[in-house]
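Student: sequence first, predicted coordinates after that:
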Number of protein chains: 2
Amino acid sequence: MRQGKLFVISGPSGAGKGTICNELIKTGNFALSVSMTTRTPRTGEIPGKSYFFVTEEEFVRTIEEGGFLEHAQIYGNRYGTPKGPVLRQLAEGRDVILEIEMQGALSVKRSYPDAVLIFILPPSLAVLRQRLAGRGTETEEEIEKRSSQCLSEIRMINDYDYYVVNDVLSDAVADALAIVRAEQLSTGAGCDELIRKYEEE
Amino acid sequence: MRQGKLFVISGPSGAGKGTICNELIKTGNFALSVSMTTRTPRTGEIPGKSYFFVTEEEFVRTIEEGGFLEHAQIYGNRYGTPKGPVLRQLAEGRDVILEIEMQGALSVKRSYPDAVLIFILPPSLAVLRQRLAGRGTETEEEIEKRSSQCLSEIRMINDYDYYVVNDVLSDAVADALAIVRAEQLSTGAGCDELIRKYEEE
């Protein structure tokens, strides 16, 4: 069976990677990955669906066993993408989509080099600042910091496989879907089965 | 300026590469390449538009100068894709599309490794035979020969970058366009200009 592909949607905060990711998920063509975390469940969160909620010890053991595609610590809580379930979905021929920040995306590529990294860009730094200001959750100082962080991330664009400029959302989603389709049509190991199909006629 | 991409549409006779290629050209997003040939112009053919009509001596000189991306001899006439005009279009940032049979496609990849090779497949060998029979121009023997030739070509699918199964034409065209778009969005040398754009803000 054709192996699924792992797509990692990443990019600077405010570029809209979350929104694009949600639109891709809505197509129903992707398997989702559930993250593992040490933080306490919030009201309404379902264990095993929202997150796998684990203790610090379990999390550290998973790290030691090489059980994460990537993991990070944010405000004292740990978050990670468990490797096993993702690899299982891929083996079953399902494409998996992950939304992670840049460092995590590069970690995934290191532990799973076949991952396809898509970098979501704002149309300009001015628009990025505008979008962040529109959220109303960041101070002016934070916005400036994110804008210059965005520039350093853009300079590393060649660590990614593709980039999508998120100006008009529907265009950006179409671009991301074109990338997904092209990757499904790329030749390689998966073609053995295709060749056999014609041979068996 | 962003360098254009060279797309080579190839595949077995009867798979529909010509039809798909025409549909892609209709989008108006590709520069065309004019072939060089030693055969005499037919009524209505425009020199420099239909073909560059040249003498045997001029053709051979072009070969010796390494002036072809690929060339072949068919029924005593020579045909070739001149390198110069294609490279010029690419340098000007235009994407170029070529439709060639398999050997020619692989030659193009050798002389221009950045070329993107797309293999057009029939949905099955049975459908291929049916399509060839429908044309009414091939004998049963020729159809069988083309069918087994198709199978040998499919076995070399990994020499290509992508494959498209031409079952429903509109789907096949959409797949080809997804590949083109994804290639335009792939990172690499062309991203230097993109990075500069953000730096200059």
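Tutor: Yep, it's here.
Student: state the distance from A:Phe7 to B:Ile118.
Tutor: Remark: distance between A:Phe7 and B:Ile118 (CB to CB, to the nearest Å) = 21 Å. Quick note: C-beta positions are derived from backbone N, CA and C, even for glycine.
Student: ok, now A:Val8?
Tutor: From A:Val8 to B:Ile118 the distance is 25 Å (CB to CB).
Student: still on that earlier bit, so which of A:Phe7 and B:Ile118 has more stuff around it?
Tutor: B:Ile118 (28 against 23; other CB atoms under 10 Å in any protein chain shown).
Student: how about the contacts made by the residue in chain A that chain B sits nearest to?
Tutor: Closest contact between chain A and chain B, by CB to the nearest CB, is at A:Ala182 (3.3 Å). Neighbour list for A:Ala182: B:162, B:178-179, B:181-183 [criterion: CB atoms under 8 Å, 6 or more residues apart in numbering or on different chains].
Student: 7 Å instead?
Tutor: Applying CB atoms under 7 Å, 6 or more residues apart in numbering or on different chains, one finds that A:Ala182 lies in contact with B:162, B:178-179, B:182.
Student: nearest residue to it in space, please, no chain neighbours.
Tutor: The spatial neighbour of A:Ala182 that comes closest, neighbours along the chain excluded (CB to CB, 6 or more residues apart in numbering or on different chains), is B:Ala182 at 3.3 Å.
Student: look at the residue of chain A closest to chain B and give its secondary structure.
Tutor: helix (DSSP: H, G, I helix; E, B strand; the rest coil).
Student: which SSE is A:Leu117 in?
Tutor: strand A:116-121 (DSSP states H and E).
Student: same question, A:Arg42
Tutor: Applying DSSP H and E, one finds A:Arg42 in no helix or strand.
Student: need the pLDDT of it.
Tutor: Reported pLDDT at A:Arg42 in the predicted model: 91.
Student: re earlier: mind checking how far the residue of chain A closest to chain B is from A:Tyr162?
Tutor: 9 Å.
Student: A strand includes A:Asp8, no?
Tutor: One thing to correct before we go on: residue A:8 is Val, not Asp. Yes: assigned with three-state DSSP, A:Val8 falls within a strand.
Student: correct me if wrong: it contacts A:Asp95.
Tutor: No: judged on CB atoms under 7 Å, A:Val8 makes no contact with A:Asp95 at a distance of 11.6 Å.
Student: so between the two, which is more surrounded?
Tutor: More neighbours surround A:Val8 than the other of A:Val8 and A:Asp95, with 28 against 19 (other CB under 10 Å).
Student: any idea what the more buried one is bridged to?
Tutor: A:Leu98, A:Leu117 (DSSP bridges).
Student: what sits against it?
Tutor: Contacts of A:Val8 by CB under 7 Å, 6+ apart are A:98, A:100, A:105, A:108, A:115-118.
Student: cool, and A:Thr38?
Tutor: A:54-56, A:59, A:77-78.
Student: Three-state assignment for the nearest residue to it once chain neighbours are set aside, please.
Tutor: Spatial nearest neighbour of A:Thr38, excluding adjacent residues (CB to CB, 6+ apart): A:Arg78 at 4.4 Å. What three-state DSSP gives for A:Arg78 is strand.
Student: and chain A, which residues reach chain B?
Tutor: Neighbours of chain B within chain A, by CB under 7 Å from any CB of the partner chain: A:124-126, A:151, A:154-155, A:157-158, A:160-164, A:175, A:178-179, A:181-182, A:185-188, A:191, A:194-195, A:198-199, A:201.
Student: apply the buried test to those and list what passes.
Tutor: Taking 16 or more other CB atoms under 10 Å in any protein chain shown as the criterion, what is buried in the residues of chain A next to chain B is A:125, A:151, A:154, A:157, A:160-164, A:175, A:178-179, A:181-182, A:185-187, A:191, A:194, A:198.
Student: just checking, which of the residues you listed belong to helices?
Tutor: A:125, A:151, A:154, A:175, A:178-179, A:181-182, A:191, A:194, A:198 (DSSP state H).
Student: and A:Pro41, how many neighbours does it have?
Tutor: For A:Pro41, using other CB under 10 Å, the count is 12.
Student: also A:Tyr79?
Tutor: A:Tyr79 has 19 neighbours, counted by other CB under 10 Å.
Student: could you do the one 10 residues further on as well?
Tutor: With neighbours defined by other CB under 10 Å, the count for A:Gln89 comes to 18.
Student: distance of it from A:Gly4?
Tutor: According to CB to CB, A:Gln89 stands 6 Å off from A:Gly4.
Student: what does A:Ala115 give?
Tutor: For A:Ala115, the distance to A:Gly4 (CB to CB) stands at 11 Å.
Student: does A:Thr81 sit in a helix, a strand or a coil?
Tutor: Bear in mind the rule, three-state DSSP; under it A:Thr81 is strand.
Student: what pairs with it across the strands?
Tutor: Those that pair with A:Thr81 in a beta bridge, by DSSP bridges, are A:Glu70.
Student: which residues touch it?
Tutor: A:33, A:35, A:68-70, A:98.
Student: now do 6 Å
Tutor: The contact partners of A:Thr81, taken as CB atoms under 6 Å, 6 or more residues apart in numbering or on different chains, are A:33, A:35, A:69-70.
Student: as CSV, those with neighbour count, distance to B:Glu140 and pLDDT would be great.
Tutor: Below are the contacts of A:Thr81 laid out as CSV (neighbours: other CB atoms under 10 Å in any protein chain shown; distance: CB to CB, whole Å; pLDDT from 0 to 100):
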residue, neighbour count, distance to B:Glu140, pLDDT
A:Ser33, 18, 53, 89
A:Ser35, 16, 60, 93
A:Leu69, 27, 55, 96
A:Glu70, 23, 58, 96
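Student: list just the nearest of those to B:Gly16.
Tutor: Proximity of the contacts of A:Thr81 to B:Gly16 (CB to CB) peaks at A:Ser33, which lies at 38.1 Å.
Student: for A:Arg135, grab the count of nearby residues.
Tutor: Neighbours of A:Arg135 using other CB under 10 Å come to 10.
Student: and for the one 5 residues further on?
Tutor: Neighbour count for A:Glu140, taken as other CB under 10 Å: 10.
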